[in-house]
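Participant: no sequence on this one, just coordinates:
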């Protein structure tokens, strides 16, 4: 996380390594994370963010992933 008040909004990048799974799985996870974080983008301070994923993310349900993203956003806002 690198806050930058000169930016109009949060900019998020995704780093999902091969240890998570094949390309299809990694792309699905990236799309899901993008959707979840776009829905919560107003909560994030303006800046640059890099989101990674552990291999266990591949077996998470949509609700579990959403809860994990909520926790992540809460940690970022608390800093």
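Facilitator: Looks like it came in fine. Worth saying up front: this structure is predicted, and the values here are computed from it rather than measured.
Participant: Check for me that residue 14 belongs to a strand.
Facilitator: Yes - Residue 14 sits within a strand when classified using DSSP: H, G, I helix; E, B strand; the rest coil.
Participant: need the contact list for it.
Facilitator: By C-beta atoms under 8 Å, 6 or more residues apart in numbering, the residues touching residue 14 are 30, 33, 34, 50, 51, 52, 53. Bear in mind the C-beta positions are built from the backbone N, C-alpha and C, glycine included.
Participant: Which of those residues fall within helices?
Facilitator: 30, 33, 34 (DSSP state H).
Participant: Let me know the closest of these to residue 11.
Facilitator: Closest approach between the ones in helices among the contacts of residue 14 and residue 11, by C-beta to C-beta: residue 34, at 12.1 Å.
Participant: burial of the closest one, as a residue count?
Facilitator: 13 (other C-beta atoms under 10 Å).
Participant: Can you tell me the closest non-neighbouring residue to it?
Facilitator: In space, residue 34 comes closest to residue 14 once its chain neighbours are excluded; the distance is 7.1 Å by C-beta to C-beta, 6 or more residues apart in numbering.
Participant: average pLDDT across stretch 38-49?
Facilitator: Stretch 38-49 shows a mean pLDDT of 92.
Participant: Now do it: distance from first to last residue.
Facilitator: Criterion C-alpha to C-alpha, to the nearest Å; first-to-last residue distance in stretch 38-49 is 13 Å.
Participant: quick one on the thing from earlier: who wins for most neighbours among the contacts of residue 14?
Facilitator: residue 53 leads these on contacts (other C-beta under 10 Å) with 23 neighbours.
Participant: all strands in the protein, in order from the N-terminus.
Facilitator: 2-3, 10-15, 47-52 (DSSP state E).
Participant: Can you say which of those is nearest to residue 38?
Facilitator: Per C-beta to C-beta, nearest to residue 38 of these: strand 10-15, 8.5 Å.
Participant: No further questions, thank you.
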